[in-house]
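*Asks:* Output the structure for:
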Amino acid sequence: MHELIPQRIQCPYCGEFIEILLDGSVEEQAYIEDCQVCCRPIGIHVVIDAEGVPYVEVTSEDEI
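*Replies:* Modelled structure (predicted):
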């Protein structure tokens with residue numbers, strides 16, 4: 001079963017807060033998702049700790 005974890009992040013381009021869904025069954029993941037407001041590509045790096053708490057780092061296209 002895949003547990004989806006809602007997480008709010010701030011777009012590094014427009015500064016708006018958006019909600020993404022994280023796959024809680026994967027300990028570490030990195031992917032690109034477009035901002036729902038300005039459509040720019042956000043680099044997302046996620047680490048899920050042993051207690052299931054996600055730590056999310058977002059970067060702009062220049063930092064990917």
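
*Asks:* At which residues are the strands of this protein located?
*Replies:* 4-10, 17-23, 28-34, 41-48, 54-59 (DSSP state E).

*Asks:* Low-confidence ranges, the protein, go.
*Replies:* Applying pLDDT under 70 to the chain picks out residues 1-2, 64.

*Asks:* Spatially central residue for it, please.
*Replies:* Nearest to the geometric centre of the chain sits Ile44, at 4.3 Å (Cα atoms, centre = their mean).

*Asks:* How many neighbouring residues does the residue nearest to Glu63 when sequence neighbours are not counted have?
*Replies:* Setting aside the residues directly before and after it, Glu63 is nearest to Gly43 in space (Cβ to Cβ, 6 or more residues apart in numbering), at 6.6 Å. From N, CA and C alone the C-beta is placed, and that goes for glycine too. Neighbour count of Gly43, defined by other Cβ atoms under 10 Å: 17.

*Asks:* returning to what we had before: mind listing the residues bridging to the residue nearest to the centre of the chain?
*Replies:* Beta-bridge partners recorded for Ile44 (DSSP bridges): Tyr31, Val58.

*Asks:* from what I can see it touches Ile32, true?
*Replies:* Yes: with contacts counted by Cβ atoms under 8 Å, Ile44 reaches Ile32, the gap being 7.0 Å.

*Asks:* returning to that earlier point: let me see the contact set for the residue nearest to the centre of the chain.
*Replies:* 9, 20, 30-33, 56-58 (Cβ atoms under 8 Å, 6 or more residues apart in numbering).

*Asks:* okay, the residues you listed in a markdown table with neighbour count and distance to Asp49 next?
*Replies:* Shown next, in a markdown table, are the contacts of Ile44 (neighbours: other Cβ atoms under 10 Å; distance: Cβ to Cβ, whole Å):
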| residue | neighbour count | distance to Asp49 |
| --- | --- | --- |
| Ile9 | 18 | 17 |
| Ile20 | 18 | 18 |
| Ala30 | 12 | 16 |
| Tyr31 | 11 | 19 |
| Ile32 | 11 | 23 |
| Glu33 | 14 | 21 |
| Val56 | 15 | 12 |
| Glu57 | 12 | 14 |
| Val58 | 18 | 18 |
